[in-house]
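Asker: Here is my input, please return the structure:
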Amino acid sequence: MINIQSLKFSYKPSRPLFDDLNLQLNPGHIYGLLGKNGAGKSTLLKQIAGLLFPTSGKVEVLGQETRFRAPSFLQDIFLVPEEFYLPKISIRQFINTRAGFYPKFNEQEFETYLKEFEIPVTQKLTEMSYGQKKKFLICFALACNTRLLIMDEPTNGLDIPSKSIFRKLIAGCLSEDKCIVISTHQVRDLDNLIDSIVIIDNHRIIFREAVETVTDKLSFKVLPQLDKSMPVIYADSNLRGHSVVMRNMQHEHSRIDMELLFNAVLSNRQSIQEIFN
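Answerer: Coordinates of the predicted model:
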């Protein structure tokens, strides 16, 4: 589905953003793309969508180089950006002028998604709040039924009930031939949604593992106190005690905490690499 080889890119020649970045993503999965501010998450998504072009290397999606922006490629991907502009028209006018670019657009599904988010199909885009506009754009993206769906901070602006609906709709639309890539800082919004984790740091992909593999090799716990004899990789102290990431020596099953995992990978990269390699 997505094949990135030796990608190099920089906005300024003296400051490379990507240096020999490699990444392969397959259909049938929901990937969570994590990284610090400025790590290049949004830029990487734009490279995948063909909005930015590599300085060197190759970015292929669906067997096509994204930099050529072929119509057969563009009609089968959809990017929901973090920042967006919607024209001053009605929902119906938006569908009439945009849906034709996506051959698999399903208007019935679109109206069903709007109902889930309690957005009237007769409402004008100019009358919507930022959160409503975000929900509208998500509904349109899902109804386009593209094989690749890319979402940059999709839960920004959504209230708690809407985040729950978002997770339900995304999980329901996944199929064996579809790939969904979601970049977010609000990692707890994705804990129960994604099945694979990708972490970008220091110009490269430093971690890419399935959630099932993570929970097989690592254990996530809250402990009342820490003991030096415990195989703790990372600990975060809070009012409840100590949230820890540990080697899963006893083959226990625990629920993944992506925020803890992210911090563990960044702060103790060598130990994490030894466990997964």
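
Asker: count of neighbours near the closest residue to Leu44 other than its chain neighbours?
Answerer: What sits nearest to Leu44 in space, not counting adjacent residues and going by C-beta to C-beta, 6 or more residues apart in numbering, is Ile200, at 6.6 Å. The way it works is simple: take the backbone N, C-alpha and C, and place the C-beta from them, glycine included. Ile200 is flanked by 24 other residues according to other C-beta atoms under 10 Å.

Asker: Same question for Arg147.
Answerer: Other residues within reach of Arg147, judged by other C-beta under 10 Å, total 17.

Asker: elements contacting the host helix or strand of the residue nearest to Leu44?
Answerer: For Ile200, the enclosing helix or strand under DSSP states H and E is strand 196-201. For strand 196-201, the helices and strands in contact under the criterion 3 or more C-beta pairs under 8 Å, 6 or more residues apart in numbering; DSSP states H and E are strand 15-25, strand 29-34, strand 204-210, helix 211-217, helix 258-267.

Asker: Can you check which of those gets nearest to Met151?
Answerer: strand 29-34 (9.6 Å; C-beta to C-beta).

Asker: What pairs with the closest one, parallel or antiparallel?
Answerer: Based on DSSP bridges, the pairing partners of strand 29-34 within the sheet are strand 179-183 (parallel), strand 196-201 (parallel).

Asker: Packed most tightly, which of those strands would that be?
Answerer: Here the criterion is mean neighbour count by mean count of other C-beta atoms under 10 Å, and of the strands paired with strand 29-34 the winner is strand 179-183, at a mean of 24.

Asker: what ranges do the helices span in this protein?
Answerer: Applying DSSP state H to the chain gives helices spanning 41-49, 71-74, 91-98, 107-116, 130-143, 160-173, 211-217, 258-267, 269-276.

Asker: can you pull the buried residues of the shortest one?
Answerer: The reference is to helix 71-74. Buried residues in helix 71-74, counting neighbours by 16 or more other C-beta atoms under 10 Å, are found at 73-74.

Asker: Need the residues that contact that helix.
Answerer: The contact list for helix 71-74, computed with C-beta atoms under 8 Å, 6 or more residues apart in numbering, reads 50, 61-62, 64, 66, 101.

Asker: Return the distance of that helix from the chain's centre.
Answerer: Between the mean C-alpha point of helix 71-74 and the mean C-alpha point of its chain there is a distance of 21 Å (C-alpha atoms, centre = their mean, to the nearest Å).

Asker: ok, now stretch 107-114?
Answerer: Relative to where its chain is centred, stretch 107-114 has its mean C-alpha point 23 Å off (C-alpha atoms, centre = their mean).

Asker: What residues sit buried inside it?
Answerer: Buried residues in stretch 107-114, defined by neighbour count with 16+ other C-beta under 10 Å: 109-111, 113-114.

Asker: Need the mean per-residue confidence for it.
Answerer: Model confidence over stretch 107-114 averages 97 on the pLDDT scale.

Asker: please renumber so the chain begins at 42
Answerer: Sure thing, new numbering starts at 42, so read that last one as stretch 148-155.

Asker: can you dump the C-alpha coordinates of it into PDB?
Answerer: Provided in PDB are the C-alpha atoms of stretch 148-155 (Å, rounded to 0.1, in the frame of the first residue of the first chain):
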ATOM      1  CA  GLU A 148     -24.200   9.400  -0.500                       C
ATOM      2  CA  GLN A 149     -26.300   7.100   1.700                       C
ATOM      3  CA  GLU A 150     -23.300   6.300   3.900                       C
ATOM      4  CA  PHE A 151     -22.500  10.000   4.100                       C
ATOM      5  CA  GLU A 152     -25.900  10.900   5.400                       C
ATOM      6  CA  THR A 153     -25.700   8.100   7.900                       C
ATOM      7  CA  TYR A 154     -22.400   9.400   9.200                       C
ATOM      8  CA  LEU A 155     -23.900  12.900   9.500                       C
END
